[in-house]
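*Asks:* Turn this into a structure:
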Amino acid sequence: MQVTEVLDVVTALHVAAAHPDVTAIVRYGSDTRPGGQSPCGVKVTYRSGTSAMLWAAEAPKPAPAAVPLPAEMPPPIERATRMLMFTTALLDTARPPSLRSWETCGYPGAHLSPCALRIVAADGDTTYLRVTVASGPSREPGRDPHPEYQIPEGVREWPPRAPVPSATPT
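*Replies:* Numbers count the residues shown, from 1 in each chain. Prediction:
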């Protein structure tokens, strides 16, 4: 499975989730493999103007150990961990048939742990998606502004109800 296909799944899930704090979801980068000049990824922008990106990283050698997520969703001020946790919750809810497993992990040289998702496709290919955050003009809230949010039922269907065009090059 190509990295762009994994990102298609992640993008579709974030769009279908329709989280009220999200103002934009954009695919970026022209590379179809990790480690190039224009890494491909998914950028999610929030009402504060902060963005969280999940982008394709090269598979580290040796593979990093799995790192558990916190028991509860962290506040928006911890946007990187929150992005990993929300994406994992979406994957757990949808259980896309093209993916076999996913887990959060560390990554060599990164100061945050967990800082990546290790996703194994049904065909056995492994993709690492690193998380990066870019601060916006407003301060992130210390508390969840939408504690009542629930993942919509449309995410449980595959593909999710909200259509997303593929970014796979033609």
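
*Asks:* Tell me where the chain has strands.
*Replies:* Along the chain, counting by DSSP state E, strands occupy 22-28, 41-46, 51-57, 99-105, 116-121, 126-134.

*Asks:* how about a markdown table for those strands, with mean pLDDT added?
*Replies:* A markdown table is the format used below for those (pLDDT from 0 to 100):
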| stretch | mean pLDDT |
| --- | --- |
| strand 22-28 | 97 |
| strand 41-46 | 98 |
| strand 51-57 | 97 |
| strand 99-105 | 98 |
| strand 116-121 | 98 |
| strand 126-134 | 97 |
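
*Asks:* possible to save those as JSON lines with distance to Pro145 and mean neighbour count?
*Replies:* In short, each C-beta sits where N, CA and C put it, glycine included. Shown next, in JSON lines, are the strands of the chain (distance: least, Cβ to Cβ, whole Å; neighbours: other Cβ atoms under 10 Å):
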{"stretch": "strand 22-28", "distance to Pro145": "12", "mean neighbour count": "14"}
{"stretch": "strand 41-46", "distance to Pro145": "9", "mean neighbour count": "22"}
{"stretch": "strand 51-57", "distance to Pro145": "15", "mean neighbour count": "22"}
{"stretch": "strand 99-105", "distance to Pro145": "24", "mean neighbour count": "18"}
{"stretch": "strand 116-121", "distance to Pro145": "24", "mean neighbour count": "22"}
{"stretch": "strand 126-134", "distance to Pro145": "17", "mean neighbour count": "20"}
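
*Asks:* Let me have those strands in CSV, extended by distance to Thr87.
*Replies:* Output for these, formatted as CSV (distance: least, Cβ to Cβ, whole Å):
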stretch, distance to Thr87
strand 22-28, 12
strand 41-46, 9
strand 51-57, 7
strand 99-105, 8
strand 116-121, 6
strand 126-134, 8
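
*Asks:* nearest to Ala16, of the ones you listed?
*Replies:* Ala16 sits nearest to strand 22-28 of all the strands of the chain, at 10.2 Å, using Cβ to Cβ.

*Asks:* Can you list the strands that the closest one pairs with?
*Replies:* strand 41-46 (antiparallel) (DSSP bridges).

*Asks:* Report the inter-axis angle for the strand it pairs with versus strand 126-134.
*Replies:* 40 degrees (axes from the mean of the first three to the mean of the last three Cα atoms, to 10 degrees).

*Asks:* I am finished for the moment; much appreciated.
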